[in-house]
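Asker: Show me how the following folds:
(2 chains)
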Amino acid sequence: MASYTPTVSIDDPRTATGGDGVLPPDWGGDGDSFGFFDTRLRRARLGLVVGLTGIAMIFISFTSAYVIRQGLPTLDPRTNTLLHDWFPVPLPRLLLINTGVLLISSVTMELARRQAARKRALARFASVAGAPEHSKEEISWLALTVVLGLSFLAGQWMAWRELAASGFYVASSPSSSFVYLLTGMHGVHLFGGVVALLTVGVASVLRRSADSQLIAVDVTGRYWHFMAALWVYILCLLEFVH
Amino acid sequence: MAGSTGGGETIMATRQIAAHEIHAHAAPQGFLRKWVFSLDHKVIGLQYYFLALTAVFVGMFLSLLMRIHLIWPNVSLPLVGEIKPETYLSLLTMHGTIMVFFVLTTAPQGGFGNYFLPIQIGAADMAFPVLNMLSFWVTFIGYIVMLSAFFVVGGAPLHGWTGYPPLSALPSAGPGEGAGADLWIISIALFCVGALMSALNFITTTLDMRARGMTMMRMPLTCWAWFITAILGLLAFGVLFSAGILLLLDRNAGTSFFVPLVVVNGQIAAHKGGSPLLWQHLFWFFGHPEVYIAILPAMGLCSQLVSVFSRKPIFGYKAMVYAMLSIGLLGFMVWGHHMFMSGMSPYSAFAFSVMTMAIGVPSAIKTFNWLGTLWGGRIRFYSPMLFAIGFVSLFVSGGISGPFLAQPTLDIPLHDTYFVTGHFHLIMGVASIFGIFAATYYWFPKMFGHMMSESLARWHFWFTFVGTYAIFMPMHYLGMAGHPRRYSQGTELAFLQPLLPLQKFITYVAFVTIAAQFIFLFNLFWSMKYGKKASDNPWEATTLEWTTATPPPHDNFGGRTPAVYNGPYEYSVPGAPRDYVMQTDPATVAAH
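Answerer: The predicted structure follows:
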């Protein structure tokens, strides 16, 4: 008696993301619907989380190297004995000011995101008579974030100069190597965020759709917050882990 | 039973849920946008594939030069001249690097994964097409930078594909360790960036773009393999990238991350306190998952093929998924087994040893499930199936020596011998290559609209299968007899004289096996134009790529996206009108 048991109910195909018998969720399994704002936003956020995982792995590796290197002895050729050569670098106080600037930029970034969301909401009613027009005098939080981001990077550069003036160059000591490495790699990643924000600014000038702008601002904003948190982590690592 | 009428074998078609409309992508018309800077995942897949095809022939040519040098060390070759010992090390380095990165990582994931993952899950493209294009071009630039190392002063580096410092960190350490080594590191760093972008796309696409009804547990095992491989890549390539940055700084900025106090050519180098072992830890934290990055896609494909060509559902679908996940997870916990020689604590070595042998469990599950699928099947021995079975064979043969090397007491005498060379070539190298061949023969009709010549494919299979065993099995004996690997000249060493005939045999077979690859190359290009016209579903398979036109239209499904009703391996279904039920077949129900 041959029979065939279908793997799905004949009335409703199963459309769960991995479990059985759940109706189509928002999260996966709803097909490739390019053009829908929610789908695009969700996808971009998911991509960001995945991308940040990759970036996190880079800094986890550096952390691992940082911790291991501290415990390694080095051979003194004159006495032929092993000695520890790890001496913490006195971090410039300027880094604290830079940290403040970055944290403030994280706040302005969030305000920029809300501003973009507001613009998108208003854009729907732009053609309706009597709808409020976008105020030209409104503060551009996005531009302010870019300025603060660039200020942070300039501040980091000045901190490097200060370190060099105190005699700590990249290769001076193991700990100074890590200071330059971690601040430099973080700076490169933050600069990527600045470029992304500038791209959003250009898109705004070119009057790209409010949907696309909001998605870009939203994702860059989350990236920016991650970079701020990462910087606090790096600073704590350099200051406290010895 | 749903839909049962209680009598006879009636096929009752129920309502068909219309596939919902999607936004159709317009195909670009210009040559540059269509074929060069394409955003289409299929074109990008082909770009990756042909990049890997070029790379595999370069890598194979390098291996041939090494084999020639091993038995005729003083012969002068046309264009190449006489191969010096340091040149041999450069060949070894570039062969390994090109094969591991630009072939084994590129073709199965970047090539076939890009082409077929979106189609198999019912999507019109990858999640981020621009990023997809960028990841290919960054990889391509990385490949060009890698090849350019041959042409700079000093030539290609000689530190091996593992790039151990201090050799790799000191430009004065040998020829090729100057500009060539810098280019090598930059190339690897670029490759890492490309691989990270690609992993981002694969993971997002798999999680977020599946068609209606395509649950995770209804995905073909190929998709699971690409997905898990992407996760491994995401977690592993960042670590290699970091290590590469540190190595570049050691070489060019005078830092001492990896370089201890060393004397080079009688001079104390300007480094102190660094740890070569730190590099080894970082490198192998990437390096071991890399083995699975190379072989997991082949495992997924092999699972697919044994089911399709045995006309049976895959034996233990869920077990296969969990086995792949376990392999991926365990793959991150075993890197230390590459470092037993480094003087690690016996307790650490023991832990790494136990974890390594634990990988044998999911590997055995997979092997038994492949055999279980074959068992009692109505096997169709087409060329993709031959290569899939060849893969299983190589996986077992290469894998069985893994538990030997996983034990520190055995690994220490065997580590620097040909035993290891034989082991990893069988399991990581050739097994994955068999996966690539199987995928090519299987998906060629869909990609190019023609069938490949089956008779040429069979010749290719048998030459390659027998040749592979004849090359790499004797290497195990060479290793057990104590033949060191990486030595460029063994012909003049008395203790290696008895092994010279075996080395010669391997070289002769390598000639024949490499020659046989030109059968494949001819078949590939000849069939693109002159092969028999392929139908939309020539293998009578069930997955989504076989529901669309051959070759697939620009947006994969002609402006519509499929709805999925069935699992991917519904073969020999009792009561079904055919011996297979497509994933998109609405619930057709057989009554008693």
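
Asker: residue ranges for the strands of chain A, please.
Answerer: A:73-76, A:81-84 (DSSP state E).

Asker: Check which residues of the first one are buried.
Answerer: By that I understand strand A:73-76. A:Thr74, A:Leu75 (16 or more other CB atoms under 10 Å in any protein chain shown). Placement of C-beta: from N, CA and C, glycine included.

Asker: what does stretch B:506-518 give?
Answerer: B:Ile506, B:Thr507, B:Val509, B:Ala510, B:Thr513, B:Ile514, B:Ala516, B:Gln517.

Asker: from the middle of its chain, how far away would it be?
Answerer: Computed by CA atoms, centre = their mean, to the nearest Å, the chain-centroid distance of stretch B:506-518 equals 21 Å.

Asker: List the contacts of that stretch.
Answerer: B:57, B:60, B:63-64, B:67-68, B:70-71, B:459-460, B:463-464, B:467-468, B:470-471, B:474-475 (CB atoms under 8 Å, 6 or more residues apart in numbering or on different chains).

Asker: which of these count as buried?
Answerer: B:57, B:60, B:63-64, B:67-68, B:70-71, B:460, B:463-464, B:467-468, B:470-471, B:474-475.

Asker: what's around B:Val36, how many residues?
Answerer: 12 (other CB atoms under 10 Å in any protein chain shown).

Asker: close enough to count as contact, B:Lys272 and A:Arg78?
Answerer: No - checked against CB atoms under 8 Å, the pair B:Lys272 and A:Arg78 is beyond contact range at 11.8 Å.

Asker: picking up where we left off before, as TSV, the strands of chain A with mean pLDDT would be great.
Answerer: Shown next, in TSV, are the strands of chain A (pLDDT from 0 to 100):
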stretch	mean pLDDT
strand A:73-76	79
strand A:81-84	83
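
Asker: possible to save those strands as a markdown table with distance to A:Lys119?
Answerer: What follows is these, written out as a markdown table (distance: least, CB to CB, whole Å):
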| stretch | distance to A:Lys119 |
| --- | --- |
| strand A:73-76 | 58 |
| strand A:81-84 | 57 |
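
Asker: of these, which approaches chain B most closely?
Answerer: For chain B, the closest of the strands of chain A is strand A:73-76, at 3.2 Å, according to CB to the nearest CB.

Asker: strands paired with the closest one, and their directions?
Answerer: Using DSSP bridges, strand A:73-76 pairs in its sheet with strand A:81-84 (antiparallel).

Asker: In CSV, could you pull the C-alpha coordinates for the strand it pairs with?
Answerer: Taking Å, rounded to 0.1, in the frame of the first residue of the first chain, the C-alpha atoms of strand A:81-84 are listed here in CSV:
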residue,chain,number,x,y,z
THR,A,81,68.9,36.3,30.9
LEU,A,82,65.2,36.5,30.3
LEU,A,83,63.5,39.7,31.4
HIS,A,84,60.1,41.3,31.0
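
Asker: Stretch B:326-344 and chain A, are they touching?
Answerer: No - using CB under 8 Å from any CB of the partner chain, we find that stretch B:326-344 stays clear of chain A, coming within 11.0 Å at best.

Asker: what's the span of that stretch, first residue to last?
Answerer: Stretch B:326-344 has its terminal residues 26 Å apart, counting by CA to CA, to the nearest Å.

Asker: which other residues reach it?
Answerer: With CB under 8 Å, 6+ apart, stretch B:326-344 has contacts from B:228-229, B:231-232, B:235-236, B:277, B:280-281, B:284-285, B:287-289, B:291-292, B:296, B:348-349, B:351-353, B:355-356, B:358-359, B:361-363, B:405-406, B:408, B:411-412, B:415-416.
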